[in-house]
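Undergrad: Fold the following and give me the result.
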Amino acid sequence: MPKLEYFYSAHSGFAYLGSARIKEIADAAGCEIVHRPFNLNKLLATIGAPGFHERSKAHRNYFFRREIERWAQIRNAPVIGKRPTYHDSDYIFANCMLIASATEGDNVDQLSHTMLQAHWRDDADLSDHEMLYALAEQTGHDAAALQAAAATSDIQAVQEANTQEAIDRNLFGSPTYFVDGDMIYGQDHLDVVERALKTPFEGTWP
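TA: Model (predicted):
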């Protein structure tokens, strides 16, 4: 069985656009998704990528508006039509809730998609613990237990380890997928993920 690792942040627009599709691909391949939420801001700072507000207006409009608009139509993933109001809020606790869900084996696929969708479709603030509690309940989780686990040092350490691994494995952004260690960057390359799960590509990464 191929190993499918999924590195992303809980607030990533492009992770949202690929969220439903990666689940479809994994299910068709009979493959479990290994969720690896990480601190995207720390990764981008480490590799020297410019912050959102440091990029040109044209760059921001293309990659964070037009590209998202088009892919939202392709993936049938509704978006609010702008950068979410609370996109610069702290999403690390949301990451930790996802890690706690994955650790407990509690339907992390659905919780992950629901968080991403709430942020990009409904303009939800992923730093709002009450809102996150409601999303956890909505997806059938014991929300109180999940948030208690997310606040523990053990789960926070996993999030930090995921971030360091993202840096060490030369990620460029979110989402990034690994199929048996072969890195595939971006939800626009999910056809490549699908092919890799069926027939591994020749060569290795890095």
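Undergrad: List the buried residues of the helix or strand where residue 16 lies.
TA: Assigned by DSSP states H and E, residue 16 falls within helix 13-29. By 16 or more other C-beta atoms under 10 Å, the buried positions in helix 13-29 come out as 13-23, 25-26, 29. (Each C-beta comes from the backbone N, C-alpha and C, glycine too.)
Undergrad: packing partners for it?
TA: strand 4-8, strand 33-37, helix 67-75, helix 108-122, helix 190-198 (3 or more C-beta pairs under 8 Å, 6 or more residues apart in numbering; DSSP states H and E).
Undergrad: how about TSV for these, with mean neighbour count, mean pLDDT and distance to residue 99 added?
TA: Formatted as TSV, the helices and strands packed on helix 13-29 follow (neighbours: other C-beta atoms under 10 Å; pLDDT from 0 to 100; distance: least, C-beta to C-beta, whole Å):
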stretch	mean neighbour count	mean pLDDT	distance to residue 99
strand 4-8	24	98	12
strand 33-37	22	98	6
helix 67-75	15	97	25
helix 108-122	22	98	8
helix 190-198	18	97	22
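Undergrad: Dump the buried residues of helix 13-29 into JSON lines; add distance to residue 160 and pLDDT as well.
TA: Output for the buried residues of helix 13-29, formatted as JSON lines (distance: C-beta to C-beta, whole Å; pLDDT from 0 to 100):
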{"residue": "13", "distance to residue 160": "23", "pLDDT": "97"}
{"residue": "14", "distance to residue 160": "23", "pLDDT": "98"}
{"residue": "15", "distance to residue 160": "19", "pLDDT": "98"}
{"residue": "16", "distance to residue 160": "23", "pLDDT": "98"}
{"residue": "17", "distance to residue 160": "27", "pLDDT": "98"}
{"residue": "18", "distance to residue 160": "24", "pLDDT": "98"}
{"residue": "19", "distance to residue 160": "23", "pLDDT": "98"}
{"residue": "20", "distance to residue 160": "28", "pLDDT": "98"}
{"residue": "21", "distance to residue 160": "29", "pLDDT": "98"}
{"residue": "22", "distance to residue 160": "24", "pLDDT": "98"}
{"residue": "23", "distance to residue 160": "26", "pLDDT": "98"}
{"residue": "25", "distance to residue 160": "29", "pLDDT": "98"}
{"residue": "26", "distance to residue 160": "26", "pLDDT": "98"}
{"residue": "29", "distance to residue 160": "30", "pLDDT": "97"}
